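> I would like to see how this sequence folds:
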Amino acid sequence: MAKVNKATTTLVLMLSLLIFVSMAESRILGDKTRIVIYYIVIGVERGDTCSGIQQNFKLNAEFFDSIIPNLNYDALFVGQWVCIDGFTN
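Below you'll find the predicted structure:
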């Protein structure tokens, strides 16, 4: 029977722990996948702001935030695609 040394046992345990933590962190517990369907998108032009886009296309802030949840209001850039019509589940 082969002898298993302490270093090998420690390595196997550490790798198992790493895999376990990685799997747990990547799992979304109790939440379903979010789907966003975009109907109309526009390209940001120089001088555009989120509030200006909302006013120009008569969008309320709640709707705007729901279809673009990760939009950074302070970091719009020229050419960025912004959804102005769509829906989410």
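> what about the most centrally placed residue in the chain, distance to V12?
What sits nearest the mean C-alpha location of the chain, by C-alpha atoms, centre = their mean, is N70, with 6.5 Å. N70 is 39 Å from V12, where distance means C-beta to C-beta, to the nearest Å. Bear in mind the C-beta positions are built from the backbone N, C-alpha and C, glycine included.
> Can I get the helix or strand of the chain with the lowest mean pLDDT in PDB, CA atoms only?
Every helix and strand of the chain was ranked by mean pLDDT, DSSP states H and E. The lowest is helix 6-26, at a mean of 76. Extracted in PDB, the C-alpha atoms of helix 6-26 (Å, rounded to 0.1, in the frame of the first residue of the first chain):
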ATOM      1  CA  LYS A   6       1.400  15.100   5.000                       C
ATOM      2  CA  ALA A   7       2.100  17.500   2.100                       C
ATOM      3  CA  THR A   8       0.000  15.600  -0.400                       C
ATOM      4  CA  THR A   9      -2.900  15.400   2.000                       C
ATOM      5  CA  THR A  10      -2.700  19.100   2.700                       C
ATOM      6  CA  LEU A  11      -2.500  19.900  -1.000                       C
ATOM      7  CA  VAL A  12      -5.600  17.700  -1.800                       C
ATOM      8  CA  LEU A  13      -7.600  19.300   1.100                       C
ATOM      9  CA  MET A  14      -6.600  22.900   0.000                       C
ATOM     10  CA  LEU A  15      -7.600  22.200  -3.600                       C
ATOM     11  CA  SER A  16     -10.900  20.700  -2.500                       C
ATOM     12  CA  LEU A  17     -11.600  23.800  -0.400                       C
ATOM     13  CA  LEU A  18     -10.700  26.100  -3.300                       C
ATOM     14  CA  ILE A  19     -13.100  24.200  -5.600                       C
ATOM     15  CA  PHE A  20     -15.900  24.200  -3.000                       C
ATOM     16  CA  VAL A  21     -15.600  28.000  -2.400                       C
ATOM     17  CA  SER A  22     -15.400  28.800  -6.100                       C
ATOM     18  CA  MET A  23     -18.600  26.800  -6.700                       C
ATOM     19  CA  ALA A  24     -20.400  28.500  -3.800                       C
ATOM     20  CA  GLU A  25     -19.400  32.000  -4.900                       C
ATOM     21  CA  SER A  26     -20.500  31.500  -8.500                       C
END
